[in-house]
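Asks: Got a predicted structure plus its sequence, pasted below:
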Amino acid sequence: MGVPKQRHTKSRRNKRRMHLFVRMPSLVSCPKCGKPRFPHTVCPNCGYYKGIEVIDVLKKLTKKEKKKREKEMKAKEGEEKKEAKEAKPLTWERLSKK
């Protein structure tokens, strides 16, 4: 077995280990529900991936949790419809107003 001939200093040890650290995971928001999720994975909250429902999340929940989740989803859809109605096309009169 090999034995080191000389002692390595703290700085040499630390330079060697410089790339060994834990990084924060990158998160993106789900386009369907807006909750944070890992990129290129199915959303654990709504079960959608690239606009397609892959997992039926409501199937696994209890009756009380299912009711709560459906209520949240309806509220989210209501907000989206409201925003769509409020978004009016821009006219020259509206752009010129301050």
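Replies: Structure received. Numbers count the residues shown, from 1 in each chain.
Asks: how about the helices in this protein?
Replies: Ranges of helices within the chain are 10-16, 57-60, 63-86, 92-96, based on DSSP state H.
Asks: Show me what the second one is packed up against.
Replies: Using 3 or more Cβ pairs under 8 Å, 6 or more residues apart in numbering; DSSP states H and E as the contact test, the elements touching helix 57-60 are helix 63-86. Yep, even glycine has a C-beta here, placed from its N, CA and C like the rest.
Asks: Give me the nearest residue to the residue nearest the centre of the chain, chain neighbours excluded.
Replies: Nearest residue to the geometric centre of the chain (Cα atoms, centre = their mean): Pro36, 2.4 Å. Nearest-residue entry for Pro36: Leu27, 4.3 Å, with adjacent residues in sequence omitted and distances by Cβ to Cβ, 6 or more residues apart in numbering.
Asks: tell me the contacts of that neighbour?
Replies: Counting by Cβ atoms under 8 Å, 6 or more residues apart in numbering, Leu27 touches 36-39.
Asks: re earlier: of all the helices of the chain, which lies closest to Gly51?
Replies: helix 63-86 (14.3 Å; Cβ to Cβ).
Asks: Show me which parts of the closest one are buried, residue by residue.
Replies: Within helix 63-86, the residues scored as buried using 16 or more other Cβ atoms under 10 Å are Arg69.
Asks: for it, packing partners?
Replies: By 3+ Cβ pairs under 8 Å, 6+ apart, helix 63-86 packs against helix 57-60.
Asks: tell me which residues in the helix it packs on are buried?
Replies: In helix 57-60, counting by 16+ other Cβ under 10 Å, buried: Val57.
Asks: now it, how far from the chain's geometric center?
Replies: Mean-position distance between helix 57-60 and its chain equals 20 Å (Cα atoms, centre = their mean, to the nearest Å).
Asks: which residues are in contact with that helix?
Replies: Outside of helix 57-60, the residues within contact range by Cβ under 8 Å, 6+ apart are 44-47, 66, 69-70.
Asks: could you redo the last one with a cut-off of 7 Å?
Replies: Residues outside helix 57-60 that contact it (Cβ atoms under 7 Å, 6 or more residues apart in numbering) are 46-47, 66, 69.
Asks: returning to what we had before: can you redo the helices of the chain as CSV with mean pLDDT?
Replies: Conversion of the helices of the chain to CSV gives the following (pLDDT from 0 to 100):
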stretch, mean pLDDT
helix 10-16, 95
helix 57-60, 80
helix 63-86, 81
helix 92-96, 79
